[in-house]
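[1] the sequence isn't on hand, but the structure is:
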């Protein structure tokens, strides 16, 4: 069974009902995939929806999308690994956001598939899928 960690841009695409992303998401659900929601992604999604006062999307996210995910808390060791990855990314000429670094840590920790349309993740050896394609 595959484990997927979805980046904020993918959750946004699901909320916007982007057909190709929904198709990938539905296929993964049919294959009994495990979906992980990292706390920082939840934070990014909710702050954006609250800023836009998107009450209908907040309802859909909280009641229909988020329940499909297992929440994964960030622990101290994850932050320490993110620190090391930050140094590595700077040495490779890229400065990733803290949230992106934590997604990388969780992907490695769980031997998961990171789903994102963000190309910055390519500087690390990860199993990445872009569901927009």
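    In hand now; what should we look at? On a predicted model such as this, the values are computed, not experimentally measured, just so you know. Numbers count the residues shown, from 1 in each chain.

[2] rest of the way, CA atoms for contacts and neighbours
    Fine.

[3] which helix or strand contains residue 86?
    Assigning secondary structure by DSSP states H and E places residue 86 in helix 76-91.

[4] helices or strands next to that helix in the packing?
    Other helices and strands packing on helix 76-91, by 3 or more Cα pairs under 8 Å, 6 or more residues apart in numbering; DSSP states H and E, are helix 98-110.

[5] so what's the residue located most distally from the centre of the chain up against?
    When each C-alpha in the chain is compared with the mean C-alpha position (Cα atoms, centre = their mean), residue 91 comes out farthest, at 23.9 Å. For residue 91, no contacting residues are found, by Cα atoms under 8 Å, 6 or more residues apart in numbering.

[6] wait, residue 112 sits on residue 127?
    Yes - counting by Cα atoms under 8 Å, residue 112 touches residue 127, with 7.1 Å between them.

[7] okay, the two: which has more neighbours?
    Under the neighbour definition other Cα atoms under 10 Å, residue 112 and residue 127 were set side by side, and residue 112 has more, 20 against 15.

[8] what's the spacing between residue 67 and residue 12?
    When Cα to Cα, to the nearest Å is the yardstick, residue 67 and residue 12 sit 16 Å from each other.

[9] who's more crowded, the two?
    Counting neighbours by other Cα under 10 Å for residue 67 and for residue 12 shows that residue 12 has the greater number, 18 against 12.

[10] show the average pLDDT along the helix or strand hosting the more buried one.
    Taking DSSP H and E as the criterion, residue 12 maps to helix 8-15. Average pLDDT, helix 8-15: 96.

[11] returning to what we had before: mind listing what's buried along the helix holding residue 86?
    Residues of helix 76-91 classed as buried: 78, 81-83, 85-86, 89 (neighbour count, 16 or more other Cα atoms under 10 Å).

[12] distance check, residue 115 against residue 5.
    Remark: distance between residue 115 and residue 5 (Cα to Cα) = 6 Å.

[13] quick one: list the elements packing against the helix or strand of the chain with the lowest mean pLDDT.
    Considering only helices and strands, the least confidently modelled element of the chain by mean pLDDT, DSSP states H and E is strand 70-72, at a mean of 91. Packed against strand 70-72, as judged by 3+ Cα pairs under 8 Å, 6+ apart, are the following elements: strand 34-38.
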